[in-house]
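1. prediction below, plus the sequence it came from.
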Amino acid sequence: MAKISTITLTYNEEADIERCLRSLQWVDETIVIDCFSSDKTVIKAKPLCTRIIQQNMTDFSALRNFGIQEAKNTWVLMVDADEIVPPELAKEIREAINIDAFNGYYLRRINYMYGKELCYDQPDYHLRLFRKEEASYLYKVHEVAVVTGKVCRLKNNFLHYSMKNINEHVQKMNTYTTLAAAQRHGANISLFIKPFYRFAQHFFLKRACRDGMLGLILSLKAFFYEFLVLFKIWERKVLSRTWPEFYENVNIEQEIIQQANVHKEFIKTLLSDRPRKFLEVGSGAASISFSILKQNRINLITVDNRLEILKSIVNNAQKLGLHIAVVCADAFRLPFKKDSVNVTFSQGLLEHFDDSDICKILDEQLRISDSSVVFSVPNNHYRRKDFGNERLLSKIQWEFLLKNYKLLESRNYYYLSTKRNFLFKLPLMYMCKLKKR
């Protein structure tokens, strides 16, 4: 007779775990994989299961696949802590696993929400019973079991007591949306349409409207779920992204061509005094430096306080057959002697700082330069306050900020036609050249 193991994932499931495990006392092995619960889940589960394994939460598929590998028996049954297997289904499972014709079975799940049985999307079939060697899980959230070979459906009900209250509902939605946002790559137009589609799908197509207020709550949850995923993608890509992540996918050859074209006036200003030694402050992708090096035989040092970016620059320089010196240092304390370079420059750096810090950075650059300091930043026409563009000032605002410095050149550049203005081209960058006193 075939033997069966059950896998149950838990995290703070003290309210449900005993009911779940008592419904599984007929199986040959009961494994609980606990993600270091802070409540009494482990204490309550210990007398009712074969063994407890504690694992850090990575994603649901990884934990379920781990559990499958830990199971000792031929058949595996996945049961969540808020689910139970009634005696009728247990008997049917025992009979099914002794049939050689199938490698997996869908269970007929009946959902309860806030303690009441739903009309919504009933019955809900899930592939939870399968041969150990023939199954694996995909996707980090809303994971799906994939089984090789034939599968079949069982007739008896599998009970799911989901969301006992709104607080639990919100907590689970927060967890699931975080995982879902991590595996999605973009916030395109489909993500804006999807919340409305999800509401209509749940409320009308899946008949949540028949559940009254519960159905409305469930449909609105689906609506806000999709919006939360969208907002968390935006947060990851705009607010929480690091600069190394910003530059990691840059194609340096294409970037050099693009930046040389976009910032040709900036580069022309940098080279106007025919300097022999440059210092770039705030390396970024170093595309301006590479553009200069490809056209001129000069000494160029680039400074940044992030080792990951400097390593990337060295690797890119080797690919391009260029030599560039890199120094890990802070823009406020440059490790160079007074007048040790001809020109210092930065592109897309100063807009990240307040007035006081901007002056400190410029003073430090002027200290080590024997000629001038040149910088460019996105200006007020840029408008897009995306990752890193904290301050988008106008030319007048920059000149007022720099009133105590000697300005050799101050102007906007990089003109671009945009959808905001059909008649004129807007200059998106501001450039300034300061004279050494």
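-> Thanks, I have the structure now.
2. residue ranges with poor pLDDT in the protein?
-> Filtered on pLDDT under 70, the chain yields the residue ranges 185-191, 237-249, 383-389, 417-424, 437.
3. where along it do the helices fall?
-> 17-22, 41-45, 60-70, 87-96, 166-183, 189-200, 213-234, 243-247, 252-262, 264-271, 287-295, 307-320, 355-368, 395-401 (DSSP state H).
4. nearest to residue 160, out of those?
-> helix 17-22 (10.6 Å; C-beta to C-beta). In short, each C-beta sits where N, CA and C put it, glycine included.
5. ends of stretch 21-35, how far apart?
-> Taking C-alpha to C-alpha, to the nearest Å, stretch 21-35 runs 17 Å from one end to the other.
6. could I get the buried residue list for that stretch?
-> The neighbour-count check on stretch 21-35 (16 or more other C-beta atoms under 10 Å) flags 21, 23-24, 27-35 as buried.
7. what of stretch 32-52?
-> 32-35, 37, 41-42, 44-45, 48-49, 52.
8. which residues are contacting that stretch?
-> Taking C-beta atoms under 8 Å, 6 or more residues apart in numbering as the criterion, the residues outside stretch 32-52 that touch it are 7-14, 17-18, 21-22, 25, 29-31, 53-57, 63, 66-67, 70, 81.
9. buried subset of the residues you listed, written for PyMOL?
-> To isolate the buried members of these in PyMOL, using 16+ other C-beta under 10 Å:
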select buried, resi 7+8+9+10+11+12+13+14+17+18+21+29+30+31+63+66+67+70+81
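10. circling back: the buried residues of stretch 32-52: which two are farthest apart?
-> 35 and 48 (18.3 Å).
11. and stretch 253-262, how far out from the chain middle?
-> 28 Å (C-alpha atoms, centre = their mean, to the nearest Å).
12. then it to PDB, C-alphas only?
-> Only the C-alpha atoms of stretch 253-262 are listed here, as PDB (Å, rounded to 0.1, in the frame of the first residue of the first chain):
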ATOM      1  CA  GLU A 253      28.800  51.600 -26.200                       C
ATOM      2  CA  GLN A 254      25.200  52.800 -26.900                       C
ATOM      3  CA  GLU A 255      25.400  55.000 -23.800                       C
ATOM      4  CA  ILE A 256      28.600  56.700 -25.000                       C
ATOM      5  CA  ILE A 257      27.000  57.500 -28.400                       C
ATOM      6  CA  GLN A 258      23.800  58.800 -26.900                       C
ATOM      7  CA  GLN A 259      25.600  60.900 -24.200                       C
ATOM      8  CA  ALA A 260      28.100  62.300 -26.700                       C
ATOM      9  CA  ASN A 261      25.200  63.500 -28.800                       C
ATOM     10  CA  VAL A 262      23.000  64.800 -26.000                       C
END
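13. ok, the closest residue to residue 198 other than its chain neighbours to residue 375 distance?
-> Computed as C-beta to C-beta, 6 or more residues apart in numbering, the closest residue to residue 198 that is not its neighbour in sequence is residue 222, at 4.2 Å. As for residue 222, its distance to residue 375 is 49 Å (criterion: C-beta to C-beta, to the nearest Å).
14. many thanks, I have nothing further to ask.
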